[in-house]
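Enquirer: sequence? don't have it. structure:
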């Protein structure tokens, strides 16, 4: 992915959420189902039920329940195995999940020469490949911890970065822009941002044009 392009001293950026925005729903469960198979995934979901229920009741934050599920399903999985899961999921499952309107918006921004960034809470083990397939300039997402090298490289099941959700999306996007432009005060404009949940609202609030569930909204909402 090429990174940030600056035209006439200003970088014009379009930021897209993934699950529920570019797709019609969640991607993590279908991805895990493709790799584990439904019987093993259902067992993991059963084991995670107390945390998932607590999250549904707003007793624990999103990242707690998510960390539990990722730990149970991805711990000790080799990167080569995850790459195979991703290839199968991209070929068999993802094509039926796309949201045509959001894809068209992405193409319009790309043709206009804007820097397009995928900003997602989904894990890097598959969302990085999605971003590459769609031609994004960069991907900012939840990164998983890896140990070992070469054929021995495997996931620990823990997140290496905080869950890329809510205010974390803003922090990570701004940090990436500052790094690319070389200074925190460098000129850029968040031309457009797209999302579908409350976790996307902090990012949408920064945009000149904010789109929530396919509808134009005031960035302040």
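Expert: Sure, I can see it. Given the structure is predicted, the values throughout are model-derived calculations rather than measurements. Numbers count the residues shown, from 1 in each chain.
Enquirer: Skip the chain neighbours and tell me the closest residue to residue 47.
Expert: The shortest distance from residue 47 to any non-neighbouring residue, by Cβ to Cβ, 6 or more residues apart in numbering, is to residue 72 (5.9 Å). Yep, even glycine has a C-beta here, placed from its N, CA and C like the rest.
Enquirer: Determine how far stretch 118-137 lies from the middle of the whole chain.
Expert: 6 Å (Cα atoms, centre = their mean, to the nearest Å).
Enquirer: now that stretch: mean pLDDT?
Expert: Stretch 118-137 shows a mean pLDDT of 97.
Enquirer: same deal with stretch 181-188?
Expert: Mean pLDDT, stretch 181-188: 61.
Enquirer: for the chain, what helix or strand is lowest in average pLDDT?
Expert: Every helix and strand of the chain was ranked by mean pLDDT, DSSP states H and E. The lowest is helix 49-56, at a mean of 86.
Enquirer: Now do the buried residues in it.
Expert: Neighbour counts using 16 or more other Cβ atoms under 10 Å place 51-52, 55 of helix 49-56 among the buried residues.
Enquirer: Can I get the residues you listed in JSON lines including distance to residue 218?
Expert: Formatted as JSON lines, the buried residues of helix 49-56 follow (distance: Cβ to Cβ, whole Å):
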{"residue": "51", "distance to residue 218": "35"}
{"residue": "52", "distance to residue 218": "33"}
{"residue": "55", "distance to residue 218": "29"}
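Enquirer: Residue 217 and residue 210 touch, don't they?
Expert: Yes: counting by Cβ atoms under 8 Å, residue 217 does reach residue 210; the two are 5.2 Å apart.
Enquirer: which residues are common contacts for these two?
Expert: Jointly contacting residue 217 and residue 210 under the rule Cβ atoms under 8 Å, 6 or more residues apart in numbering are residue 204.
Enquirer: These two: which is more packed in?
Expert: Between residue 217 and residue 210, residue 210 has the larger neighbour count (other Cβ atoms under 10 Å), namely 23 against 15.
Enquirer: The more buried one in helix, strand or coil?
Expert: At residue 210 the chain is in strand, as set by DSSP: H, G, I helix; E, B strand; the rest coil.
Enquirer: Spatially nearest residue to it (excluding sequence neighbours)?
Expert: residue 204 (4.0 Å).
Enquirer: What is the neighbour count of the one you found?
Expert: Residue 204: 25 surrounding residues under other Cβ under 10 Å.
Enquirer: Same check on the one 10 residues further on?
Expert: For residue 214, the neighbour count with other Cβ under 10 Å is 12.
Enquirer: Neighbours of residue 131, how many?
Expert: The tally of other residues near residue 131 (other Cβ under 10 Å) stands at 24.
Enquirer: right, I mislabeled it, should have said residue 59
Expert: Around residue 59 there are 12 residues (other Cβ under 10 Å).
Enquirer: now residue 208
Expert: Using other Cβ under 10 Å, residue 208 has 11 other residues around it.
Enquirer: now residue 19
Expert: 22.
Enquirer: One more: residue 172?
Expert: Counted with other Cβ under 10 Å, residue 172 comes out at 20.
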